[in-house]
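[1] return atomic coordinates for the entry below.
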Amino acid sequence: MSTFFRNEAAPWEELGDGIRRKIVAHTPQLMSVLVHFDKGAIGTPHAHEVHDQIAYVVAGAFEVEIDGVKQTLRAGDAFLAAHGSRHGVVALEPGSTLLDQFSPRREDYL
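    The predicted model follows:
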């Protein structure tokens, strides 16, 4: 992994259903990932066994649900999904983007 991230040089990984991601940087303890959503795309509710996650809304808006509590978050807002908490999102605007931070890094993304 490079010390510097150049957005224009990093290709998006298509995940399907209107979602794509690119890894910004990682160490064994920390990972940063950009995730871009088309309007209406769904980040299916799930929970992580070991990963804590902080997601910062870079652009657009999301309906976020964490452990049954829903809120609408917009650019500049964030949410914490500690390991074990059930969380998911729905993109409310075109081009909605999250910057996800994981600890430890997601080996399944590499």
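
[2] spatially central residue for this structure, please.
    Asp100 (3.8 Å; CA atoms, centre = their mean).

[3] which strand residues bridge that one?
    For Asp100, the beta-bridge partners are Val33, Ala55 (DSSP bridges).

[4] please apply the same query to Glu13.
    Bridge pairing for Glu13 - DSSP bridges - gives Arg21.

[5] that one - how many residues pack around it?
    By other CB atoms under 10 Å, the residues close to Glu13 number 13. Placement of C-beta: from N, CA and C, glycine included.

[6] and Val35, by the same measure?
    Val35 has 22 neighbouring residues, counting by other CB under 10 Å.

[7] ditto for Phe102
    Neighbours of Phe102 under the rule other CB under 10 Å: 22.

[8] tell me which other helices or strands the helix or strand hosting it touches.
    Assigned by DSSP states H and E, Phe102 belongs to strand 96-103. Counting contacts by 3 or more CB pairs under 8 Å, 6 or more residues apart in numbering; DSSP states H and E, strand 96-103 packs against strand 31-37, strand 52-59, strand 61-66.

[9] okay, now the sheet partners of the helix or strand just after the shortest one, with direction.
    Where DSSP H and E defines the elements, the next helix or strand beyond strand 61-66 is strand 69-74. Next to strand 69-74 in the sheet, as set by DSSP bridges, lie strand 61-66 (antiparallel).

[10] buried residues, the partner strand. List them.
    Of all the residues in strand 61-66, those buried under the rule 16 or more other CB atoms under 10 Å are 61-62, 64-66.

[11] and which of those residues is nearest Phe4?
    Nearest to Phe4 among these is Phe62, at 28.3 Å by CB to CB.
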